[in-house]
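Novice: what follows is a protein structure lacking sequence information:
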């Protein structure tokens, strides 16, 4: 499981944020918090799942 | 030097170079940049749909089944996890894990798609009675436009993963050279990324219109 | 050598197009019958035809063959040179991956479309030459000027593609573009798209002008569907082409070519491509929504009032989405042309380009500010009044980086040892015409004056001056300038000068004429006018000037064709340019650079003793 641990942690965080999102929406109608949470989730996906860093990292491999 | 190309954004250089100074690493950098430029472009497509949603709906939203929204969102999130496993497995040459994870992703993707078609669109009223139609009002029109454009990307993602799974079975990729799988993976995560914004925009933001 | 017609991608594609069109229509009709509807409903049936036609063209022409093979794990080696067993011209009608061939394909298609668009303009200009309707109906006038708009804009987009595709890899010493197959695909999708655009005229065309404002565009003839999908195709070409150019510029430069040591044209292309990559999606989805509203009744733009509440769409939504692309698109049209001006002036002034960094950054600045100005097209639309001032200020800001360019051009010319061959004449002509367009811009960007001038012929005059100054004149300059690089021969200088001296004064007359009839009350998009406005003379002048311009362009076309056969051999570097593409043989060989180049100095140090821009390993430097 060693290779996959980062991914699993991130998925758990994303799931937790989705639940938070759902309850925030029940509490407030403001879009601001919801969009902030969405942006946070997006950053996690871009950084850990999509490996955006590989764009500018010099290494050739994966 | 005419290096034969092996596969989609292949396992080796996608075009030969008479001067011979294009190696796999160079091609990989170009492919990655190309893919991300495509994502940036697509962000404006989905951004335009979001702008349409906020322009037409303002701080209202349609009355949608919250359970359905939560379930399809979770399914897509799970598929992102299995895609991550598939990508990482390919990186370490664990091809059996890759195969299982790729199929898990495809099936979850299909479940998401069916969820949209059956429950959000209500295309099969014998299973689930939807109340939105694309031509009914601005709510139906925008819901169908947003979920439709997203579903199109889900479907193309499934096709892409299937192609890569088949190529992997033919021993096309190695842990060092598997750009095709990486491309399918980051495309899939991108589709998930779009839903991260679409889910609150469709289901959570604003007050439900009765 | 004889050529089997079906071996040409163009011919196969066209056959595929019409077969696909019929199949698509039948498919939709069959589906409608199965769903228990009446078979014929023109909107849905034609859309099915168009979509399948464009797809079939691409499949039949072979533009996607390599990719489809990749999905099955089949290797597709890169092809070089003309197809085996065929004459060299055949590759221009085929799927060729060489960026120089693709550049020429773009260029020739652009000139063809330019001539079609220009001819359409002459037709309705004859109608406007005198008051009252003479030979056109109100409807045919609307359809013809609308077609003129999009055909001409398509020709500009392809002309931009021509310059960028041919020049950028050459200028940065790259073997080819980053994605050669994508490059070919991006060109070829233009062909079925442009065909679809022009076929619209057989089903009633569209009558709203190029802007397609609803509700008119939701109610007019089915030709609108042709236009929506044609522009979607051309937009897709823009997106894929610009993606390719950005990747090429960012990652394929040679050793030593820092971004600020690129030929300045590459900066212009980079800025243009950033707009095309992103903003184009807005018009794409906008026109798709329009198409779906027409065929499925999805209310995005048409309001539906239910008990005093709008449950439908908003017509203004289209204006926002449309102009978010279509204003920056104007910078797509002009930035490469302005880059050509900056590229050519130092060569013909034998002086360094004045303020290289400022020019480079001004292109980026125009592109970025361009995203914030779309609302100045909507001052009279009835949107929130507070938006007017914001959009006025952001629009006026554009004048700053544009002014930077003008001062740099003047600074480059100042004290130069000027020579005036045809490309230089067109460069100077471009500056003069762009000045007319530029100075009339702030008048329209200012709310108070725009409220009077909106939708008048003044706008037409302003727009044509910017586009001719920013695109057409520089494009012609580029054609003459790189003609020896493309053909190895020199164009006929006398004919070139005739072209310039007919076209430029004629354009001045046309431009001033259009603006003045506009100020005097001539509406845009209207077939007729009241003689009491006293603009008949002005209108006549505009029409006559238009014919002069058309005639001069024909001179150029003749020049290009005849000189390819009988022109004097030009030598490798007739302009004594420092740019990399002139350091290799003319015409440029199949593989442009025998060995990688290295940048060792500044690009525009003309006249500085001992300065060197590039070094070529092995080859004898001159």
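Specialist: Happy to help now that I have it. The shown structure was predicted, so the numbers you read here are calculated from the model rather than taken from an experiment.

Novice: residue contacts, the residue nearest to residue C:349 when sequence neighbours are not counted?
Specialist: Counting by C-beta to C-beta, 6 or more residues apart in numbering or on different chains, the nearest residue to residue C:349 once its immediate chain neighbours are dropped is residue C:416, at 2.9 Å. For glycine as for every other residue, the C-beta is placed from the backbone atoms N, C-alpha and C. With contacts defined as C-beta atoms under 8 Å, 6 or more residues apart in numbering or on different chains, residue C:416 is in contact with C:348, C:349, C:350, C:351.

Novice: and residue C:529, by the same measure?
Specialist: Residue C:529 makes contact with C:128, C:131, C:521, C:522, C:523, C:535, C:539 under the criterion C-beta under 8 Å, 6+ apart.

Novice: what's the neighbour count on the closest residue to chain C within chain A?
Specialist: Of all residues in chain A, the one sitting closest to chain C is residue A:55 (10.3 Å; C-beta to the nearest C-beta). Residue neighbour count, defined by other C-beta atoms under 10 Å in any protein chain shown, stands at 12 for residue A:55.

Novice: confidence score at it?
Specialist: Reading off the confidence values, residue A:55 has pLDDT 91.

Novice: my guess is it contacts residue B:34, does it?
Specialist: No: counting by C-beta atoms under 8 Å, no contact exists between residue A:55 and residue B:34, whose distance comes to 10.8 Å.

Novice: please report phi then psi for residue B:61.
Specialist: Phi and psi for residue B:61, reported as degrees, to the nearest 10, are phi -150, psi 160.

Novice: tell me what it is bridged to.
Specialist: Beta-bridge partners of residue B:61, counted by DSSP bridges, are residue B:208.

Novice: so where's chain B uncertain?
Specialist: Low-confidence segments of chain B, defined by pLDDT under 70: B:1-22.

Novice: could you measure from the residue nearest to residue C:495 when sequence neighbours are not counted over to residue B:95?
Specialist: Counting by C-beta to C-beta, 6+ apart, residue C:559 is the residue found nearest to residue C:495 once chain neighbours are left out, at 4.4 Å. For residue C:559, the distance to residue B:95 under the criterion C-beta to C-beta, to the nearest Å works out to 62 Å.

Novice: and these two? which has more neighbours close in?
Specialist: Neighbours per residue, other C-beta under 10 Å: of residue C:559 and residue B:95, the larger number sits with residue C:559, 23 against 15.

Novice: can you pull out the helices in chain B?
Specialist: According to DSSP state H, chain B carries its helices in the segments B:24-57, B:66-91, B:95-115, B:138-169, B:179-199.

Novice: of those, give the one that comes closest to residue A:25.
Specialist: Counting by C-beta to C-beta, residue A:25 lies closest to helix B:66-91 out of the helices of chain B; the figure is 9.1 Å.

Novice: tilt between that closest one and helix B:138-169?
Specialist: Direction vectors for helix B:66-91 and helix B:138-169, defined by axes from the mean of the first three to the mean of the last three C-alpha atoms, to 10 degrees, enclose an angle of 20 degrees.

Novice: whether stretch A:7-24 contacts chain B - can you check?
Specialist: Yes: on the criterion C-beta under 8 Å from any C-beta of the partner chain, stretch A:7-24 is in touch with chain B at A:7, A:8, A:10, A:11, A:14, A:15, A:18, A:21, A:22, A:24.

Novice: buried sites along that stretch?
Specialist: Using 16 or more other C-beta atoms under 10 Å in any protein chain shown as the test for burial, stretch A:7-24 gives A:7, A:10, A:11, A:14, A:17, A:18, A:21, A:22, A:24.

Novice: mind listing which of the residues you listed are in helices?
Specialist: Reading helices off the buried residues of stretch A:7-24 with DSSP H, I get A:7, A:10, A:11, A:14, A:17, A:18, A:21, A:22, A:24.
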